[in-house]
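> Sequence first, predicted model second:
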Amino acid sequence: MAIRFEDIKEHIGSRVVWDDRADIFSPEAARAIRAQVEARTVVVFPELHLTDAEQLAITEAMGERVRLTARNNVQNNDQDVYQVTLDEKINPQPEYVLGTFFWHMDGITVDMPPPFATLLSCRIAPAIGGETEFASTYAAYEGLPEEEKRALDGLKAVHSVRASLSPIADAIPEKHRERVLGIGLVKEHPLVWTHESGRKSLVIGTTADHIVGMDVPAGRAMLIRLQEWAAQPAFSLRHKWTKGDFVIWDNTGAMHRAIPYDKSTGRMMHRTSIAGTEAVAA
Ligand code: OGA
Ligand code: MN
């Protein structure tokens with residue numbers, strides 16, 4: 001076989017092994033990788049050292065590429081490759097990146113189905129911090145006791161950028177705080193997503209502000225407990241980046257977050273996204 005996969009943990013994560021680097025770019029490999037992302041949530045390609053053109057080629061071979069974050073005009077690379085960095089010469093508005101320090105799913109507050117997958121290449125690995133953590137919201141749902149599953153049935157949560165940035169709102173300069181917090185849409189999503197495949201996952205993370213029809217304190221406590229449940233070691237994975245590593249994850253079945261890092265580390269990741277094909281449905 002051209003490329004092979006090794007499990008990283010029981011419920012989450014595969015590592016790709018290849019003999020010939022060119023094998024990763026074949027249409028058969030794209031299909032096998034997409035299936036592996038669906039089955040294992042996180043797929044790691046150690047030290048693959050992709051160029052932007054190669055990353056875009058893999059992105060497009062696996063689905064429809066989509067631009068998730070408004071591009072800063074200072075970014076000087078390809079328009080559909082977003083540079084995740086705290087370097088204000090490249091990214092003068094660090095709030096979005098600081099918001100990645102908290103558990104979230106990408107593209108939950110935009111006017112399209114949540115992206116199927118996010119793809120990150122490590123261009124500059126930080127010496128300290130900056131690992132990325134992933135928590136399977138499929139494994140988290142499946143692992144709940146039956147009576148808790150029943151209790152979640154039919155519930156909806158309200159999601160917003162304002163909620164996701166609330167942990168850092170105080171740190172946003174006052175003159176543009178309201179504009180930043182108002183980015184995106186306020187969207188209601190079922191707490192339990194029944195995918196077209198029939199599998200179920202939780203739709204949680206810091207974008208989730210409260211539960212519709214529930215007292216705000218009780219709803220928030222429920223959302224935080226579900227986040228903690230999903231983040232337990234059995235359902236989650238921490239990736240320590242080496243320069244050149246490339247990771248693809250199923251954004252529809254996982255939350256993710258970056259371990260805090262300082263801009264002095266120079267950490268630089270190149271991100272692309274694959275469009276989702278289904279809206280969140282109960
Ligand atoms: C993102 C993100 C995580 C990281 O860019 O959406 O969550 O580790 N990045 O940089
Ligand atoms: Mn993200």
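Nice, I can see it. Ligands and ions are numbered 1, 2, ... in the order given.
> From now on I want contacts and neighbour counts done on CA atoms only, so please keep to that.
Fine.
> Bridge partners for the residue nearest to Lys187 when sequence neighbours are not counted, pull those for me.
Of all residues not flanking Lys187 in the chain, His159 sits nearest, at 5.2 Å (Cα to Cα, 6 or more residues apart in numbering). For His159, the beta-bridge partners under DSSP bridges are Lys187, Ala208.
> Check the burial of His159 by counting its neighbours.
25 (other Cα atoms under 10 Å).
> same check, this time on Gln79
The number of residues packed near Gln79 is 14, by other Cα under 10 Å.
> just Ser121 next, same as before
29.
> Then Arg65?
Arg65, neighbours per other Cα under 10 Å, totals 21.
> quick one: pLDDT of it?
Looking at Arg65, its pLDDT reads 93.
> which residues sit in contact with it?
Leu56, Thr59, Asp80, Thr272, Ser273, Ile274, Ala275 (Cα atoms under 8 Å, 6 or more residues apart in numbering).
> ok, now Thr51?
Counting by Cα under 8 Å, 6+ apart, Thr51 has no contacts.
> helix, strand or coil for the spatially closest residue to Ala230 that is not a sequence neighbour?
Once flanking residues are discounted, Ala230 sits nearest to Ala140: 4.8 Å by Cα to Cα, 6+ apart. Recorded secondary structure, Ala140: helix (DSSP: H, G, I helix; E, B strand; the rest coil).
> The one 10 residues further on too?
The local conformation at Arg150, judged by three-state DSSP, is helix.
> What is the neighbour count of it?
That count, for Arg150 with other Cα under 10 Å as the rule, works out to 10.
> quick one: it and ligand 1, what's the gap?
Counting by Cα to the nearest ligand atom, to the nearest Å, the separation of Arg150 from ligand 1 is 30 Å.
> Which stretches in the stretch 51-200 of the chain count as helices?
52-62, 95-99, 137-142, 146-152, 161-164, 174-181 (DSSP state H, counting those that start in this stretch).
> Near ligand 1, which residues of the protein are found?
Listed as neighbours of ligand 1 in the chain under the rule Cα under 6 Å from any ligand atom: Val84, Thr100, Asp106, Thr132, Arg257, Ala258.
> ok, so of these, who is nearest Cys122?
Nearest to Cys122, judged by Cα to Cα, of those is Val84 at 9.7 Å.
> Going by neighbour count, which of the contacts of Arg65 comes out on top?
Neighbour tally across those (other Cα under 10 Å): the maximum, 29 neighbours, falls on Ser273.
> Count the neighbours of the closest residue to Ala57 other than its chain neighbours for me.
Nearest residue to Ala57, sequence neighbours excluded (Cα to Cα, 6+ apart): Phe25, at 7.7 Å. Neighbourhood size, Phe25 [other Cα under 10 Å]: 14.
> Over to Asp170?
Neighbour number of Asp170 under other Cα under 10 Å is 10.
> Could I get the pLDDT score of it?
pLDDT, Asp170: 95.
> separation between it and His176?
Asp170 sits 12 Å away from His176, taking Cα to Cα, to the nearest Å as the criterion.
> now swap in Trp241 and tell me
The gap separating Trp241 from His176 is 33 Å, by Cα to Cα.
> Compare neighbour counts for those two and give me the winner.
Trp241 (24 against 9).
> what sits against the more buried one?
By Cα under 8 Å, 6+ apart, the neighbours of Trp241 are Cys122, Ala125, Pro126, Gly130, Glu131, Thr132.
> my guess is the residue nearest to Ala230 contacts Glu228, does it?
No. Ala140 lies out of contact with Glu228 (Cα atoms under 8 Å); the separation is 9.8 Å.
> sorry, back to before: contacting residues for the residue nearest to Ala230?
Per Cα under 8 Å, 6+ apart, neighbours of Ala140: Ser201, Leu202, Trp229, Ala230, Phe235.
> which residues sit in contact with the third one?
In this case it means Trp229. Here Trp229 is in contact with Ala140 (Cα under 8 Å, 6+ apart).
> What strand or helix carries it?
In the assignment (DSSP states H and E), Trp229 maps to helix 216-230.
> and whatever helix or strand comes next after that helix, what other elements does it pack with?
Downstream of helix 216-230, the next assigned helix or strand under DSSP H and E is strand 236-239. With contacts defined as 3 or more Cα pairs under 8 Å, 6 or more residues apart in numbering; DSSP states H and E, the secondary structure elements packing on strand 236-239 are strand 132-136.
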